[in-house]
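Engineer: Sharing a model prediction with you, sequence too.
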Amino acid sequence: MIGSFRSLLLLLAILVSLVDSQFNSVRNFWPASYPLAVRAPYLNTWINTANGSDSLNFWPLHWDGSNIMGWSGFARIDGVTWQWMGQSPIGNSTALLTSEITPTSTRFSVLAGSVLFNLTFLSPIEPSDWVKQSLPFIYLSLEAESIDGQAHDVQVYSDISAEWISGNRGLVATWQTTQTDSSVYHRAQLQSPEYMTEINNIAEDSTVYYSMQTVTEVTYQTGQDSVVRGQFQSKGSLTNQQDTNFRAIEDDFVVLGISVNLGTNTNFLTPVVWGLGLVRDPVIEYAVSAGSTTTQNRSSYFWTEFDTISDAIDSFLADYSNATDRANKLDQQIMNAAQSVSSEYADLVAFGARQAMASSDITVAKNSDGTYNTSDVKAFQRDTGIGQRVNAVETLFATMPIHLYLNASLLGIHLDSLLQYQSSGYANAYAAPDLGNAFPIASGDALDTHSRGIEDTGNMLIMTLAHARTTGDGSLIKKYYNLLSTWADYLVSNALYPNGQTSADGITESNNTNLAIKGIIGIAAMAEISQAMGNTTAAQQYQANATTYVKLWESLASSSGHLLPTYEDASSSDFALMYNMYADTLLETNLIDQSIYSSQASYYSNLTQIAGKFGLTYDNTDSNKQANSAWTLFTAGSIASVSSVTQNQLIEMVHTRAGFNQTTGDFPLIYDDQTGNSSTTNGLASPGQGAMFALLALTVANSSITIPPSSSPSQSISAGAIAGAVVGSVIGVGSLIGVGLVIWLRRRRRLQLPNDEQISFDRPPPRMPTNANAYHDSIEAPTQPFDSQTLYVYGDHKQPTSTTIDTSRIQNTPGEGSESGYTVSSPTNQSMLSRSTLMRSETTQLRNDVENLRREMAALRAAQPYDDDAPPPQYT
């Protein structure tokens, strides 16, 4: 197939050259900017091809579009010089014939006279190998062949400048060239590096490397750009000499060049391969906990394998053939799966993959003796395209699908850094929004107070369960169970009626429908987490709360066949993407009635008819009227099982923006729904584009969650923080539960609703995504029935005042235009108001009874201590 494609391409080129006409670019997908070296937080370089350009004769740019990253390529054919990349005044321009984007690579075919060059920029994605994935190097390979059947004398050349090492080009750089037994490489760094500092989004403590294996006819040179490139233009080779006049980056721009003489032939199919890397050590400064002043300087994981950078470079270059094979297999796997949805969807996952993976550093800490502690692996993600926040929770939530699809352990090592920091000394009952706002320093903020409690807490619980379900690894659940339960308690108190809360999109209106469902799903996630831990009582209680809340949510948020942006906001023109419903589909919590998904799918489909060119705004109550590619794909994933038509409509809108080349810049996360315009703070090159894998993540099979046994008392999980869930005696538990039931049933009889107003809390069957090849294995729901009217709150630290539920607002008779079968009754109905008042009074009394029970259980627990170190049963 590859051979036939090459023959067709050559035939096209020959025919075009014979008629001496303008070349036409033949592309499968033509975005405004192509990823070239997209591998690490500071190795993130693209090239613009906007507005119909048919060449690569532009300077590559850092992801922000503001910093030139000097990188050029030339070929000398029969004594004539051609420039196949860059904007130097030297040489003739080449014509760009084709391009292709895969998850790991960007490929171009360019024509220089009578020779066709095939260029591949490979940024490996190695999800199952921490050493390879953490090595911040990429390959540039070149193959050449004659299109006229004649032999040609060919030499090729490429260089980089020192612009890669600083955002301040007035700073002084140093450089040197090293030859090993198997390679030659250049390096450049600042004369005075600035530790853990970035300027204009470029790290000031990095070293850039440009390398090649030692092959026949390879030459090298460092020096002023015009001198080194002029040497290649006139001679076809370099001098093997080094310029030692260290100077400012912008002073007679120094370049680091490597050239190869390919000789005279018709085909040059053995690839010429350059290696480009950007290395920092350490890469992260991490505050290990909010309650400690201890910090760690953490290194990239690849240092556990290599003693020197020379060893790493030699290994990387020698691995090219195998790395290419692995990349091709991964590309094929991803693209075949995505093609089963649509060709547009395949383009999106290919375009989003590298930028989703490139913003993270996989790190390891050192032991006291200086050796690396390979059992302590943590990942840190830069909020690229938006700011310098470290492990921004909402962005990590958007990135989550690619981690789940490629290797969910990637998600786990990101979560671990957040969880560890908050497990000691963090004062809030809700999750932190990030680990600080000055990447690469992950300092956190122990005194942080913010209004995104529901947003971040829901995200953390959802992601923690998603990691455990996909990997079967319950270690995070066990290690941080008390922290997770504290967060779940916060959601029980606040999720149903969000007030004074802010969503990921900056929406601050009270009773935000989309934000509320995230919190409710977070409670359901905690039910699954508790079940995995063997805490059946807690699991049932959390599930009861989530089930009760979601029915009220459906009632409060539904109107005229769709969900409102905020409760009871009946404005006919207001809408929002309910992208947080995706978590219900992903985790198979099955909280939301199937009819809600169907009605939302129909509603979205109708909205696409009046949407902007580039999609639906995520919330049209927001004056910015912006679309969000990640949330649009989450929305597509949420309704995938009920409407492939709507799913594809949403995908096509994102695809339209991704392939829009009338702007400049990388694939943005957020953009104007009418013009497609974006900015450097709207998610250019954001890792949030991992959301393009939202549909593929639904096809990943799950594993039974296994909780590891306790290895020491310090690692044991105390379930005593859940009020009354675990005490020292099974008999004591049974007796107290019996007393509680008697009290509750007695009160419930007085509040018994008529039969036609009873609420069903049966869980619907799991929904499966369209075109899925594999599905999640369902985790069984607790078998004991839930008392649907009982609301539980755990822990001694708070007694919420906002969890009284007015069940008088729920009717079981389908209302006019209601898809869910629930309507909001008139607030002026006196009989319903009386029942509401009675319910509030009785619920207050119930709280008092539950508090008395809790105290009795605490007394029993104190009298008969339980074995805190006993491991919980496995969850199978």
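Structural biologist: Now that the structure is in, tell me what you want to look at.
Engineer: drop to CA atoms for contacts and neighbour counts, all remaining ones
Structural biologist: Fine.
Engineer: could you measure R657 against I402, distance?
Structural biologist: 20 Å (Cα to Cα, to the nearest Å).
Engineer: Helices of the stretch 451-600 of the chain, start to end?
Structural biologist: Using DSSP state H, counting those that start in this stretch, the helices assigned to the stretch 451-600 of the chain run over residues 453-471, 475-479, 481-494, 513-532, 536-557, 582-587, 594-608.
Engineer: Tell me which of the ones you listed lies nearest to A697.
Structural biologist: Of all those, it is helix 582-587 that lies closest to A697, at 7.7 Å by Cα to Cα.
Engineer: All the helices of the stretch 251-400 of the chain, residue numbers only.
Structural biologist: Using DSSP H, counting those that start in this stretch, helices in the stretch 251-400 of the chain cover 309-318, 320-339, 343-358, 393-406.
Engineer: Would you format the ones you listed as a markdown table with mean neighbour count, distance to H186 and mean pLDDT included?
Structural biologist: A markdown table is the format used below for the helices of the stretch 251-400 of the chain (neighbours: other Cα atoms under 10 Å; distance: least, Cα to Cα, whole Å; pLDDT from 0 to 100):
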| stretch | mean neighbour count | distance to H186 | mean pLDDT |
| --- | --- | --- | --- |
| helix 309-318 | 18 | 11 | 98 |
| helix 320-339 | 17 | 19 | 98 |
| helix 343-358 | 26 | 23 | 97 |
| helix 393-406 | 25 | 33 | 98 |
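Engineer: I'd like those helices as TSV, with distance to A601 appended.
Structural biologist: Output for the helices of the stretch 251-400 of the chain, formatted as TSV (distance: least, Cα to Cα, whole Å):
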stretch	distance to A601
helix 309-318	48
helix 320-339	21
helix 343-358	18
helix 393-406	21
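Engineer: Tell me, please, where in the chain the pLDDT is lower than the cut-off.
Structural biologist: The model of the chain has pLDDT under 70 over residues 1-28, 50-52, 572, 623, 711-876.
Engineer: and G637, that's in a strand?
Structural biologist: No: according to DSSP: H, G, I helix; E, B strand; the rest coil, G637 belongs to no strand; its state is helix.
Engineer: separation between it and A466?
Structural biologist: 15 Å.
Engineer: can I get the CA coordinates of stretch 333-345 in PDB?
Structural biologist: Extracted C-alpha coordinates of stretch 333-345, given in PDB (Å, rounded to 0.1, in the frame of the first residue of the first chain):
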ATOM      1  CA  GLN A 333      -4.500   1.000  16.500                       C
ATOM      2  CA  ILE A 334      -5.800   4.400  17.300                       C
ATOM      3  CA  MET A 335      -6.700   5.400  13.800                       C
ATOM      4  CA  ASN A 336      -8.600   2.100  13.100                       C
ATOM      5  CA  ALA A 337     -10.600   2.500  16.300                       C
ATOM      6  CA  ALA A 338     -11.400   6.100  15.500                       C
ATOM      7  CA  GLN A 339     -12.200   5.500  11.900                       C
ATOM      8  CA  SER A 340     -15.000   3.200  13.100                       C
ATOM      9  CA  VAL A 341     -16.700   6.400  14.400                       C
ATOM     10  CA  SER A 342     -15.900   8.600  11.400                       C
ATOM     11  CA  SER A 343     -13.000   9.900   9.400                       C
ATOM     12  CA  GLU A 344     -13.400  13.300  11.000                       C
ATOM     13  CA  TYR A 345     -13.100  11.800  14.400                       C
END
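Engineer: contacts for that stretch?
Structural biologist: 102-103, 346, 349-350, 648, 651-652, 655, 692, 696, 770-771 (Cα atoms under 8 Å, 6 or more residues apart in numbering).
Engineer: Of all the helices of the stretch 251-400 of the chain, which one comes closest to A173?
Structural biologist: Closest to A173 of the helices of the stretch 251-400 of the chain is helix 309-318 (Cα to Cα; 19.3 Å).
Engineer: Tell me if I'm right that T293 and A287 touch.
Structural biologist: Yes: contact criterion Cα atoms under 8 Å: T293 and A287 qualify, at 7.0 Å.
Engineer: out of these two, which sits in the busier spot?
Structural biologist: A287 (23 against 9; other Cα atoms under 10 Å).
Engineer: list the contacts for the more buried one?
Structural biologist: 293-296, 421, 442-444.
Engineer: any idea how far L396 is from it?
Structural biologist: The value you get for A287 to L396, if Cα to Cα is used, is 19 Å.
Engineer: Same check on T94?
Structural biologist: 40 Å.
Engineer: Same check on G236?
Structural biologist: Noted for G236: a distance of 48 Å to L396, by Cα to Cα.
Engineer: again, but for S641
Structural biologist: Applying Cα to Cα to S641 and L396 gives a distance of 25 Å.
Engineer: now do T470
Structural biologist: Distance from T470 to L396, counting by Cα to Cα: 17 Å.
Engineer: can you check Y320 too?
Structural biologist: In terms of Cα to Cα, Y320 sits 31 Å off from L396.
Engineer: Just give the number of residues close to the residue nearest to S485 when sequence neighbours are not counted.
Structural biologist: The spatial neighbour of S485 that comes closest, neighbours along the chain excluded (Cα to Cα, 6 or more residues apart in numbering), is M526 at 7.1 Å. By other Cα under 10 Å, 30 other residues sit near M526.
Engineer: before we move on, what about T216?
Structural biologist: T216 has 9 neighbours, counted by other Cα under 10 Å.
Engineer: Please apply the same query to the one 10 residues further on.
Structural biologist: Here the count is done by other Cα under 10 Å, and S226 has 16 residues near it.
Engineer: same question, T471
Structural biologist: If you count neighbours by other Cα under 10 Å, T471 ends up with 20.
Engineer: so how far is G688 from it?
Structural biologist: From T471 to G688 the distance is 22 Å (Cα to Cα).
Engineer: higher neighbour count, G637 and A466?
Structural biologist: For G637 and A466, the more surrounded residue by other Cα under 10 Å is G637, and the numbers stand at 30 against 23.
Engineer: nearest spatial neighbour of the more buried one, skipping sequence neighbours?
Structural biologist: L695 (5.2 Å).
Engineer: Let me see the contact set for the one you found.
Structural biologist: Listed by Cα under 8 Å, 6+ apart, the contact set of L695 reads 633-634, 636-637, 640, 769.
Engineer: Just to be sure, it is in a helix?
Structural biologist: Yes: note on L695: a helix contains this position according to three-state DSSP.
Engineer: follow-up on the earlier one: how about the helices of the stretch 451-600 of the chain, which one is nearest Y618?
Structural biologist: Proximity to Y618, assessed across those by Cα to Cα, is greatest for helix 513-532 (10.4 Å).
Engineer: just how off-centre is that closest one within its chain?
Structural biologist: Helix 513-532 has its C-alpha centroid displaced from the chain centroid by 20 Å (Cα atoms, centre = their mean, to the nearest Å).
Engineer: what do you get for stretch 222-235?
Structural biologist: Per Cα atoms, centre = their mean, the centroid offset for stretch 222-235 relative to its chain is 42 Å.
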